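Q: model this:
(4 chains)
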Number of protein chains: 2
Amino acid sequence: MAKVQKTIAERLQDIQNELTRAERQLASSLLANYPMSGLSSITAVAEHAEVSTPTVIRMVRKLGFEGYPQFQAELRKELEATITTPITRHEKWAGNAPDTHILNEFTGVVVDNIQQSLSQIDPTVFDQACQLLSDQKRSIYITGGRITRALADYFFMHLQMIRKHVHNMESRSSSWPHYILDMNAGDVLVMFDVRRYENSSIKLAELAKNQKLKIILFTDQWRSPVSKLADLTLCSRISVPSAWDSSVVTLLLLEAIVAKTQKSTWDSTKNRVEELENLFDQTKFFRKF
Amino acid sequence: MAKVQKTIAERLQDIQNELTRAERQLASSLLANYPMSGLSSITAVAEHAEVSTPTVIRMVRKLGFEGYPQFQAELRKELEATITTPITRHEKWAGNAPDTHILNEFTGVVVDNIQQSLSQIDPTVFDQACQLLSDQKRSIYITGGRITRALADYFFMHLQMIRKHVHNMESRSSSWPHYILDMNAGDVLVMFDVRRYENSSIKLAELAKNQKLKIILFTDQWRSPVSKLADLTLCSRISVPSAWDSSVVTLLLLEAIVAKTQKSTWDSTKNRVEELENLFDQTKFFRKF
DNA sequence: CTGCTGGTGAAGTAAATATTTCAGAATAAA
DNA sequence: TTTATTCTGAAATATTTACTTCACCAGCAG
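A: From the prediction side, this is the model:
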């Protein structure tokens, strides 16, 4: 079994007696508030320990590094390993596959994306979005682009189960004027726009703003230009090892919004959902199991 | 009481809207593994984010620092405060929300679903599915149910970019005979069927079997009855704290399949994709940024 | 299409950091 | 005291890093 690499701190301790006076002075200064003190420039480190810069270099070489930058890089790596243990890293997701299998690789990145996206989301924005979508006095209009069409459909279908007045806008921008004609101030426009941002989106957002609509935008980490006009923007990380981007995080957000909206409006929507279930049962279109 | 100084991460979040494209790209790169990525030289940071060094300086100035070294010093200070107070265990997904917030609850369950689904997937089944879908001699037919319609559409759109002869079957079962008429032995039928399994799915699967089609089925952990007829079955865990089920894991599988299929057929599909990109460029329908 | 504006990075410059050299200080042994 | 040896930092040099300038190009208003 491979020997675990010693930390720089340990190595410093080990070679203590091979060090000269000035070097020991330096070492003790470094260990004093390890490892932060090693992250500044060689000059700062030398001054802080009250030794000369050549002393720093000589000692670093005794540790086996080629030069100060190499030493510093190692220190950074060490530090990174220390602070990034927030989640137990799954080496493998698909148990039977080697961890180089695309399933494992892909899944790892997606889970990272989830974590990072979530950590950057402002929960009040999320809550406000749910708030707007629960308000039955507002009509909801949903629109997606080439890629996000499917997400828009999915969201539409679920919202439709929860509440009235949900409209799934056609993709063709020529059909938008008809929708816009019907929109009232305070209505909500849900837009999806991810990279290869569509020119038409901006136009639509502007029209909607003129009608005093509230805009909820789902976009990627680089933010569609629509975000300047949107009232609420929710960003997802979408890069994965693939020729195309991932929609997983966005879908997760949509489902979470549906879950919360459904919970908060359960009293008023309970009947609606039950009726729907009955209708499906009656058509014998679905089997129970 | 004095206002607590915001962290650089928070400040970066705050000014997102005032940032330009390249700057956002940089900000996102910095936040990606914050704060370690900010501790190397300006050159390294710029390269890592794939922007130029002037962009780094400009953004750092927008944050109110005089120059990069000042920015870096602040980061170090922040990091020092963090590591000397190791309270920062990541119990939460959405950083600012309490862990009882639905975002955290929901996300936790979804990530569990991902892990469990993946651990139960046979990678050879996954590989075989990719294999079938890469084979340009076979036509592909895709069909989804009420809930899974959006997933089917999403999959269709991506496969269509990769290869020829992909067909998105209408939902109405009355239209299926037309498709079945065109199917040849060896063609592939991709089916989606999750709970509240649809009666019509079984019928379609039987018809397809008669035509000697290969069936790839996406279903839930309890398995649609179609799985008895399917050649390859891929199951996802779908329960979440919501009135409805989650499609996140299924979407993840679809994207992974697309990624692998695209990679394995890249030589032959490269031109197809590039041509497609050109067409989109020519229609000026999308903007570059 | 035309001329603007603002964002961007290549290239050049300034400033620092890192490294080498070397003279002299400190130490130890004769 | 000499003499050899080792250690040290000032100063010179090499290398990187930080910053500035500017031409170019995309996007956009007219």
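
Q: And the strands in the stretch 101-250 of chain A?
A: Using DSSP state E, counting those that start in this stretch, the strands found in the stretch 101-250 of chain A span residues A:140-143, A:166-168, A:188-193, A:214-220, A:232-236.

Q: In terms of secondary structure, what does the second one contact?
A: In this structure, strand A:166-168 makes packing contacts with strand A:140-143, helix A:149-162, judged by 3 or more C-beta pairs under 8 Å, 6 or more residues apart in numbering or on different chains; DSSP states H and E. Bear in mind the C-beta positions are built from the backbone N, C-alpha and C, glycine included.

Q: how distant is the longest one from the center of its chain?
A: The chain centroid and the centroid of helix A:149-162 are separated by 22 Å under C-alpha atoms, centre = their mean, to the nearest Å.

Q: So which residues on chain A come close to DNA strand C?
A: A:41-44, A:53-54, A:57, A:60, A:66-70, A:72 (C-beta under 7 Å from any atom of the strand).

Q: which pair in those residues spans the largest distance?
A: Among the residues of chain A next to DNA strand C, the pair separated by the greatest distance (C-beta to C-beta) is A:A44 and A:E66, at 20.4 Å.

Q: okay, the two: which has more neighbours?
A: A:A44 (12 against 9; other C-beta atoms under 10 Å in any protein chain shown).

Q: Would you map the helices across the stretch 1-150 of chain A?
A: For the stretch 1-150 of chain A, the helices defined by DSSP state H, counting those that start in this stretch cover A:8-14, A:21-32, A:42-49, A:53-62, A:68-83, A:102-119, A:123-134, A:149-162.

Q: Adding mean pLDDT, write the ones you listed out as TSV.
A: Shown next, in TSV, are the helices of the stretch 1-150 of chain A (pLDDT from 0 to 100):
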stretch	mean pLDDT
helix A:8-14	78
helix A:21-32	83
helix A:42-49	89
helix A:53-62	92
helix A:68-83	85
helix A:102-119	91
helix A:123-134	95
helix A:149-162	95
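
Q: These into TSV, with extra columns for distance to chain B?
A: TSV is the format used below for the helices of the stretch 1-150 of chain A (distance: least, C-beta to the nearest C-beta, whole Å):
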stretch	distance to chain B
helix A:8-14	13
helix A:21-32	13
helix A:42-49	10
helix A:53-62	17
helix A:68-83	5
helix A:102-119	4
helix A:123-134	4
helix A:149-162	4
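
Q: which ones are touching the spatially most central residue of chain A?
A: By C-alpha atoms, centre = their mean, chain A has its centre lying nearest to A:S117, at 1.3 Å. Counting by C-beta atoms under 8 Å, 6 or more residues apart in numbering or on different chains, A:S117 makes contact with A:Q221, A:C235, A:S236, A:R237, A:V249, A:L253.

Q: From the residues you listed, keep the buried residues only.
A: Buried by 16 or more other C-beta atoms under 10 Å in any protein chain shown: A:Q221, A:C235, A:S236, A:R237, A:V249, A:L253, out of the contacts of A:S117.

Q: Among those, which one lies nearest to A:V125?
A: A:C235 (9.9 Å).

Q: Tally up the residues packed near A:D182, please.
A: If you count neighbours by other C-beta under 10 Å, A:D182 ends up with 11.

Q: I'd like the distance between it and A:H167.
A: Distance, A:D182 to A:H167, using C-beta to C-beta, to the nearest Å: 8 Å.

Q: overlap in contacts of these two?
A: Joint contacts of A:D182 and A:H167 (C-beta under 8 Å, 6+ apart) are A:S139.

Q: circling back to that earlier point, report the entries of the buried ones among the contacts of A:S117 that also contact chain B.
A: Here is what survives when the buried ones among the contacts of A:S117 are matched to chain B using C-beta under 8 Å from any C-beta of the partner chain: A:Q221.

Q: where's the dip in pLDDT among the buried ones among the contacts of A:S117?
A: pLDDT across the buried ones among the contacts of A:S117 is at its lowest for A:Q221, which sits at 84.

Q: Do I have it right that it meets A:L234?
A: No - assessed by C-beta atoms under 8 Å, A:Q221 is found out of contact with A:L234, at 11.0 Å.

Q: Tell me the buried residues in stretch A:259-266?
A: Of the residues in stretch A:259-266, A:A259, A:K260, A:T261, A:Q262, A:S264, A:T265 count as buried by neighbour count, 16+ other C-beta under 10 Å.

Q: Counting by contacts, list what whichever strand or helix holds the second one packs against.
A: Yep, that's A:K260 we're talking about. Counting by DSSP states H and E, the element that carries A:K260 is helix A:248-264. Judged by 3+ C-beta pairs under 8 Å, 6+ apart, the packing partners of helix A:248-264 are helix A:102-119, helix A:123-134, helix A:149-162, strand A:214-220, strand A:232-236, helix B:102-119, helix B:248-264.

Q: Off-centre distance for the second one?
A: From the chain centre to the centre of helix A:123-134 is a distance of 18 Å (C-alpha atoms, centre = their mean).

Q: repeat for the fourth one
A: Per C-alpha atoms, centre = their mean, the displacement of strand A:214-220 from the mean C-alpha position of its chain is 15 Å.

Q: in its sheet, what does that strand sit against?
A: As defined by DSSP bridges, the strand partners of strand A:214-220 come to strand A:188-193 (parallel), strand A:232-236 (parallel).

Q: ok, back up a step: going by distance to chain B, which of the buried ones among the contacts of A:S117 wins?
A: A:Q221 (4.9 Å; C-beta to the nearest C-beta).

Q: and A:K214, what is it in contact with?
A: Residues in contact with A:K214, defined by C-beta under 8 Å, 6+ apart, are A:L132, A:R138, A:G186, A:D187, A:V188, A:L189, A:D231, A:L232.

Q: bridging residues for it?
A: Per DSSP bridges, the residues bridged to A:K214 are A:V188.

Q: Just the pLDDT for A:F285.
A: Looking at A:F285, its pLDDT is 46.

Q: So which of the strands paired with strand A:214-220 is the most surrounded?
A: With neighbours taken as mean count of other C-beta atoms under 10 Å in any protein chain shown, those reach their highest mean count in strand A:188-193, at a mean of 26.

Q: so how many other residues sit close to whichever residue of chain A sits closest to DNA strand C?
A: Relative to DNA strand C, the nearest point of chain A is A:G67 (1.8 Å; C-beta to the nearest atom of the strand). Other residues within reach of A:G67, judged by other C-beta under 10 Å, total 11.

Q: Who are the contact partners of it?
A: A:G67 sits next to A:I57, A:V60, A:R61 when contact means C-beta under 8 Å, 6+ apart.

Q: in which helix or strand would I find A:R272?
A: Under the criterion of DSSP H and E, A:R272 resides in helix A:266-282.

Q: For that helix, what does the pLDDT average out to?
A: 69.

Q: circling back to that earlier point, TSV for the helices and strands packed on helix A:248-264, including distance to DNA strand D?
A: Formatted as TSV, the helices and strands packed on helix A:248-264 follow (distance: least, C-beta to the nearest atom of the strand, whole Å):
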stretch	distance to DNA strand D
helix A:102-119	25
helix A:123-134	24
helix A:149-162	22
strand A:214-220	16
strand A:232-236	17
helix B:102-119	33
helix B:248-264	26
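
Q: out of the ones you listed, nearest to A:E274?
A: Using C-beta to C-beta, the nearest of the helices and strands packed on helix A:248-264 to A:E274 is helix A:149-162, at 10.9 Å.

Q: Show residues contacting the closest one.
A: For helix A:149-162, the external contacting residues (C-beta under 8 Å, 6+ apart) are A:133, A:140, A:142-144, A:166, A:168, A:171, A:190, A:192, A:218, A:247, A:250-251, A:254-255, A:258, A:261-262, A:265, A:269, A:272-273, A:276, B:146-147, B:149-151, B:153-154, B:157, B:244, B:247.

Q: need the contact list for the closest residue to A:D135 other than its chain neighbours.
A: Take A:D135 and drop its neighbours on the chain: the residue closest to it by C-beta to C-beta, 6 or more residues apart in numbering or on different chains is A:V188, 7.9 Å away. Applying C-beta under 8 Å, 6+ apart to A:V188 gives the contacts A:L132, A:L133, A:D135, A:R138, A:S139, A:I140, A:Y141, A:L213, A:K214, A:I215, A:I216.
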